[in-house]
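Enquirer: any chance you can model this:
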Amino acid sequence: MKDEYIVVLVAASSEDEGAAIAKVLVSETLAGCVNIVKGVRSIYSWQGRVEDEQEVLLIAKTRRELFEKLAEKVRELHSYEVPEIISVPVEEGSEAYLNWLTNATRIKAAPKHG
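Expert: Down below sits the predicted model:
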């Protein structure tokens with residue numbers, strides 16, 4: 001079965017929070033790569049008010065089958081009560097990059113001893 005790839009967008013309150021989340025997602029093979037885009041201004045509705053905040057945007061590349069685990073991990077690590085966790089399908093991509101992404105998001109088998 002061919003892998004289905006997605007990009008997951010997550011807004012975070014600071015670069016430090018974003019980096020901490022990104023490092024866990026990559027180290028736990030839930031994402032192959034996470035870009036952190038600084039200087040994002042977010043205007044949104046929250047609890048009846050219009051908020052205007054500086055944030056960073058995480059752009060995580062992964063496989064669709066990992067979305068629920070990735071979202072669970074983001075919710076566990078995130079400071080927001082309701083973090084943005086949005087998946088966008090990847091329609092096309094470089095074959096070499098997508099092959100790398102598949103390998104980067106596979107759990108590595110423990111070496112056999114003996």
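Enquirer: so where is the protein shaky, pLDDT-wise?
Expert: 1-2, 108-114 (pLDDT under 70).
Enquirer: okay, strands next: where are they in it?
Expert: Using DSSP state E, the strands found in the chain span residues 5-12, 33-46, 49-63, 86-89.
Enquirer: list the buried residues in the longest one.
Expert: If I follow you right, that is strand 49-63. 55, 56, 57, 58, 59, 60, 61, 62, 63 (16 or more other CB atoms under 10 Å). The C-beta positions use only the backbone N, C-alpha and C, and glycine is treated the same way.
Enquirer: any residues touching that strand, and which ones?
Expert: Strand 49-63 is contacted from outside by 3-15, 17-18, 21-22, 25, 30-45, 70, 90, 101-102, 105, using CB atoms under 8 Å, 6 or more residues apart in numbering.
Enquirer: in PyMOL, select just the buried ones from those.
Expert: Provided next is the PyMOL selection string for whichever of those are buried by 16+ other CB under 10 Å:
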select buried, resi 3+5+6+8+10+11+12+17+18+21+22+25+30+31+32+33+34+36+70+90+101+105
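Enquirer: which residue is nearest the middle of the protein?
Expert: residue 60 (3.4 Å; CA atoms, centre = their mean).
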